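Visitor: got a sequence here, can you model it:
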Amino acid sequence: MNKSTLRRLKRVRSKIKKYNHGNRPIIYINISNRNISAQLIDCDSANVLVHASSTSDRTKKDSGIEIAQKIGELFAKKCIDIKIKDVVFDKGCKSYIGRVESFANSCRKAGLNF
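Guide: So this is what the prediction gives:
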C-alpha cells in the first residue's frame, strides 16, 4: 500500500476507536476485484459474530454493485437474526463510492443503524 492509503486507513480506524463509546460491533468490509466479504466483529472479545461473502453466490451476469447490494441485504438479515441493529461501519482504506456505498445503503435499508 502507498502512503496515502495507509494514512486513510489509520485515520478511519482512529476515528472508530475514538467515537465508539457504546462498544458497538464493527462491520469490516473487504472488496477485491471479483468478490466482496463482510464481517461483524465484537470489539470487546474480538470474535467474528456474522460473516457474509460473495464467493459462493456469484453469477456472471451480476455487476459488482448488484453483488454488493445482495451481500449487504444478506449480511443485514444475519445481523438482525442475532438481534444486533446498532453497528459501526469500517470502510478501511476504500473510498465511500461504488460497491462500498451500495453495500452500506442496502444494509441500512434492511434495518441496520450506523
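
Visitor: only C-alpha atoms for contact and neighbour calcs from this point on.
Guide: Fine.

Visitor: now do the helices in the chain.
Guide: For the chain, the helices defined by DSSP state H cover 3-19, 64-81, 99-110.

Visitor: quick one: the last one to helix 64-81, angle?
Guide: Helix 99-110 and helix 64-81 meet at an angle of 40 degrees, taking axes from the mean of the first three to the mean of the last three Cα atoms, to 10 degrees as the criterion.

Visitor: what residues sit buried inside helix 99-110?
Guide: Neighbour-count burial for helix 99-110, with 16 or more other Cα atoms under 10 Å as criterion, is recorded at 99-108, 110.

Visitor: so which of the helices of the chain comes closest to Leu40?
Guide: Ranking the helices of the chain by proximity to Leu40 (Cα to Cα) places helix 64-81 first, at 8.0 Å.

Visitor: pull the CA atoms of that closest one into PDB?
Guide: Extracted in PDB, the C-alpha atoms of helix 64-81 (Å, rounded to 0.1, in the frame of the first residue of the first chain):
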ATOM      1  CA  GLY A  64     -20.200  -5.500  -8.800                       C
ATOM      2  CA  ILE A  65     -22.700  -3.100  -7.400                       C
ATOM      3  CA  GLU A  66     -25.600  -5.600  -7.700                       C
ATOM      4  CA  ILE A  67     -23.500  -8.200  -5.900                       C
ATOM      5  CA  ALA A  68     -22.700  -5.700  -3.100                       C
ATOM      6  CA  GLN A  69     -26.400  -5.000  -2.700                       C
ATOM      7  CA  LYS A  70     -27.200  -8.700  -2.400                       C
ATOM      8  CA  ILE A  71     -24.500  -9.400   0.100                       C
ATOM      9  CA  GLY A  72     -25.500  -6.300   2.100                       C
ATOM     10  CA  GLU A  73     -29.100  -7.500   2.400                       C
ATOM     11  CA  LEU A  74     -27.900 -11.000   3.400                       C
ATOM     12  CA  PHE A  75     -25.500  -9.600   5.900                       C
ATOM     13  CA  ALA A  76     -28.100  -7.300   7.500                       C
ATOM     14  CA  LYS A  77     -30.600 -10.200   7.800                       C
ATOM     15  CA  LYS A  78     -27.900 -12.300   9.600                       C
ATOM     16  CA  CYS A  79     -27.200  -9.400  12.000                       C
ATOM     17  CA  ILE A  80     -30.900  -8.900  12.700                       C
ATOM     18  CA  ASP A  81     -31.300 -12.600  13.400                       C
END
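
Visitor: thanks a lot, catch you later.
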